[in-house]
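> sequence? don't have it. structure:
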């Protein structure tokens with residue numbers, strides 16, 4: 001008897017609730033940081049959220065999941081709003097304890113401001129801090145004065161130290177060539193002087209527009225810079241978190257080579273549903289974004305559904321409905337994505353097994369300089385319909401045979417005497433900094449691969465003991481090059 005999986009069952013939370021709500025109470029910023037996600041060339045003036053809109057924001061807060069985040073800043077500086085703390089006071093305490101905001105501390109703020117803030121019982125405050133050097137700080141925070149920032153930070157730390165339920169202090173440090181060498185000492189100094197609960201060291205979010213800015217092209221970190229930074233922070237305290245948004249190796253994989261018999265995009269183009277072309281995009285958790293003029297939509301995807309809170313006196317039911325529908329779309333997209341990927345993998349495996357059967361796939365051994373390995377194979381527990389499965393997890397790395405960079409496809413082949421059977425196919429996509437260090441070549445960063453193998457079907461095809469090996473597959477030449485590290489497996 002089979003079983004049915006629904007989109008609703010694929011989510012582990014209430015479909016009518018969201019993972020985050022982000023509210024901009026202002027429509028501009030006091031700084032012009034050169035790496036900012038905003039393109040300020042199209043932003044004029046500053047729209048401050050009024051009390052009517054904020055009250056309607058408060059009414060939809062019950063749609064936030066218990067472990068979700070309420071962030072009172074998204075793209076702009078919230079302390080520019082003269083009633084910002086008054087707004088926060090009107091947020092029910094249960095939601096304030098899930099709330100935070102990000103500030104650049106670039107505007108002069110009073111001791112009373114921080115004393116009042118310290119008593120609001122917010123979860124945390126993010127403070128943007130790129131450098132403790134005046135020159136570097138003011139270069140990366142265009143329009144800021146380091147002296148004003150220092151005074152504000154000292155007031156904040158002092159006020160928070162005196163309040164028993166004060167928010168946690170988090171730092172966010174953006175990376176560039178300007179502050180790269182300073183980061184280890186910056187993290188240490190901030191911990192000693194200010195005692196943050198978390199220090200996020202973050203690479204620049206590279207949109208197409210940001211990547212074309214002259215400052216970015218000159219000052220943004222490279223992959224080599226990033227790897228050096230990782231090494232320098234290997235022994236960093238546990239409160240330090242590296243957040244990267246690096247471009248993948250341009251020669252890295254695309255899901256199933258277009259040059260093979262039926263490429264991934266070619267397969268998708270034959271399907272009726274045009275939305276399947278976006279299957280390579282992993283659906284993100286649902287986050288609502290509300291602008292200072294009352295427009296409500298989703299942080300991702302863009303563009304999307306939009307509501308105007310100005311026309312909704314009680315927006316709860318309307319927003320709940322669109323949250324439900326979007327959550328349902330996300331769940332269905334995940335199911336569809338998994339189903340299509342499984343179908344594609346099965347199609348490729350069937351093709352490769354036909355090649356093996358017809359002896360038109362040549363298996364090659366490389367005596368020197370193998371471009372990768374199968375470095376781990378371990379059994380894992382797994383059940384389907386209550387039955388234990390013979391499931392293994394294989395992992396390794398694989399480089400292209402002809403060029404420095406990740407391979408396009410890795411195929412795992414089980415062999416017993418002259419019998420051969422392809423059991424899994426993967427594309428390298430996982431980070432392997434150990435390979436980069438060993439090869440001194442950063443192009444191998446995303447050369448790692450992992451495969452979950454259900455070996456029970458091999459009981460009929462290759463009963464008993466067989467050898468499992470990994471190969472780099474070149475579909476055009478019908479050749480597979482064996483990686484190091486084959487393993488013996490005993491079934492039965």
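Cool, got the structure. Nothing here was measured: the structure is a model prediction, and the numbers come from that model.
> so what's residue 220 up against?
35, 176, 177, 204, 206 (Cβ atoms under 8 Å, 6 or more residues apart in numbering). Bear in mind the C-beta positions are built from the backbone N, C-alpha and C, glycine included.
> no, scratch that, I was asking about residue 113
85, 155.
> Name the next helix or strand downstream of the longest helix along the chain, please.
Looking across the chain with DSSP state H, the single longest helix is helix 316-357. Using DSSP states H and E, the helix or strand that follows helix 316-357 in sequence is strand 362-364.
> list the helices and strands the longest helix of the chain packs on?
Counting contacts by 3 or more Cβ pairs under 8 Å, 6 or more residues apart in numbering; DSSP states H and E, helix 316-357 is packed against helix 264-269, strand 307-308, strand 419-426.
> how about a cut-off of 6 Å?
strand 419-426 (3 or more Cβ pairs under 6 Å, 6 or more residues apart in numbering; DSSP states H and E).
> Please state the offset of the strand it packs on from the chain centre?
31 Å (Cα atoms, centre = their mean, to the nearest Å).
> go on, stretch 295-314?
For stretch 295-314, the separation from the chain centroid amounts to 24 Å (computed by Cα atoms, centre = their mean).
> How about stretch 337-354?
26 Å.
> what mean pLDDT would you report for it?
For stretch 337-354, mean pLDDT is 84.
> can you pull the buried residues of that stretch?
Neighbour-count burial for stretch 337-354 flags 337, 340, 344, 345, 348, 349, 351, 352, 353 (criterion: 16 or more other Cβ atoms under 10 Å).
> next one: stretch 205-217
For stretch 205-217, by 16+ other Cβ under 10 Å, it's 210, 213, 216.
> Is the first one within a helix or a strand, and which one?
Spelled out, it's residue 210. Going by DSSP H and E, residue 210 is part of helix 208-211.
> Please work out how many residues are found near residue 185.
11 (other Cβ atoms under 10 Å).
> go on, residue 73?
21.
> Now do the contacts for it.
Taking Cβ atoms under 6 Å, 6 or more residues apart in numbering, we find residue 73 in contact with 101, 102.
> Remind me which helix or strand it belongs to.
Here residue 73 is assigned to no helix or strand, by DSSP H and E.
> any weak-confidence spans in the chain?
Low-confidence regions of the chain, defined here as pLDDT under 70, cover residues 1-13, 245-284, 301-305, 367, 381-389, 492.
> circling back: the longest helix of the chain versus strand 419-426: what angle between them?
150 degrees (axes from the mean of the first three to the mean of the last three Cα atoms, to 10 degrees).
> Any figure for the gap between residue 432 and residue 296?
42 Å (Cβ to Cβ, to the nearest Å).
> ok, residue 403 - how many residues close by?
11.
> Quick one: classify it as helix, strand or coil.
Classification of residue 403 using DSSP: H, G, I helix; E, B strand; the rest coil returns coil.
> Contact partners for it?
Taking Cβ under 6 Å, 6+ apart, one finds nothing in contact with residue 403.
> swap in residue 77?
Applying Cβ under 6 Å, 6+ apart, we find residue 77 in contact with 29, 30, 104.
> that older thread, so how far is the longest helix of the chain from its chain's centroid?
For helix 316-357 - counting by Cα atoms, centre = their mean - the centre lies 19 Å from the chain centre.
> Stretch 468-488 now?
The answer for stretch 468-488 is 30 Å, by Cα atoms, centre = their mean.
> For the residue lying closest to residue 89 once chain neighbours are set aside, which three-state class applies?
The shortest distance from residue 89 to any non-neighbouring residue, by Cβ to Cβ, 6 or more residues apart in numbering, is to residue 120 (6.7 Å). What three-state DSSP gives for residue 120 is coil.
> circling back to that earlier point, could you dump the buried residues of stretch 205-217 to a markdown table with distance to residue 468?
Formatted as a markdown table, those follow (distance: Cβ to Cβ, whole Å):
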| residue | distance to residue 468 |
| --- | --- |
| 210 | 44 |
| 213 | 49 |
| 216 | 45 |
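> Which one of those residues is nearest to residue 92?
residue 210 (37.0 Å; Cβ to Cβ).
> Name the nearest residue to that closest one, ignoring sequence neighbours.
Per Cβ to Cβ, 6+ apart, closest to residue 210 is residue 216, 5.8 Å.
> For the one you found, give its distance to residue 163.
Distance from residue 216 to residue 163, by Cβ to Cβ: 39 Å.
> ok, now residue 332?
With Cβ to Cβ as the criterion, residue 332 and residue 163 are 46 Å apart.
> Quick check: phi and psi at residue 455.
phi -100, psi 0 (degrees, to the nearest 10).
> residues making contact with the helix or strand containing residue 190?
Per DSSP H and E, residue 190 falls inside helix 183-194. Contact partners of helix 183-194, identified using Cβ under 6 Å, 6+ apart, comprise 157, 171, 196, 199, 232, 240.
> So which bits of it are buried?
183, 184, 186, 187, 190, 191, 194.
> Give me the secondary structure label for the closest residue to residue 85 other than its chain neighbours.
Distances taken as Cβ to Cβ, 6+ apart place residue 116 nearest to residue 85, at 5.4 Å, with adjacent residues excluded. Three-state assignment for residue 116 (three-state DSSP): helix.
> how far away is the residue nearest to residue 89 from residue 17?
24 Å.
> Could you tell me how many residues sit around the nearest residue to residue 296 once chain neighbours are set aside?
Spatial nearest neighbour of residue 296, chain neighbours left out: residue 307 (4.5 Å); criterion: Cβ to Cβ, 6+ apart. Close neighbours of residue 307, defined as other Cβ under 10 Å, add up to 17.
> which residues does residue 71 bridge with?
Per DSSP bridges, the residues bridged to residue 71 are residue 22, residue 100.
> ok so, going back, please produce JSON lines containing the buried residues of helix 183-194, extended by distance to residue 148.
Listed next are those as JSON lines, based on distance: Cβ to Cβ, whole Å:
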{"residue": "183", "distance to residue 148": "23"}
{"residue": "184", "distance to residue 148": "26"}
{"residue": "186", "distance to residue 148": "19"}
{"residue": "187", "distance to residue 148": "23"}
{"residue": "190", "distance to residue 148": "18"}
{"residue": "191", "distance to residue 148": "23"}
{"residue": "194", "distance to residue 148": "17"}
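> Which of those residues sits closest to residue 129?
residue 190 (6.9 Å).
> just checking, the residue nearest to residue 89 touches residue 88?
Yes - taking Cβ atoms under 6 Å as the definition, residue 120 is a contact partner of residue 88 at 5.4 Å.
> now the nearest residue to residue 422 once chain neighbours are set aside: how far from residue 82?
In space, and not counting its chain neighbours, residue 422 is closest to residue 352: 4.3 Å by Cβ to Cβ, 6+ apart. Going from residue 352 to residue 82 by Cβ to Cβ gives 66 Å.
> same thing with residue 139?
Distance of residue 139 to residue 82, computed by Cβ to Cβ: 30 Å.
> More neighbours: which of the two?
Between residue 139 and residue 82, residue 139 has the larger neighbour count (other Cβ under 10 Å), namely 19 against 8.
> number of nearby residues for the closest residue to that one other than its chain neighbours?
Distances taken as Cβ to Cβ, 6+ apart place residue 178 nearest to residue 139, at 6.0 Å, with adjacent residues excluded. By the criterion of other Cβ under 10 Å, residue 178 has 19 neighbours.
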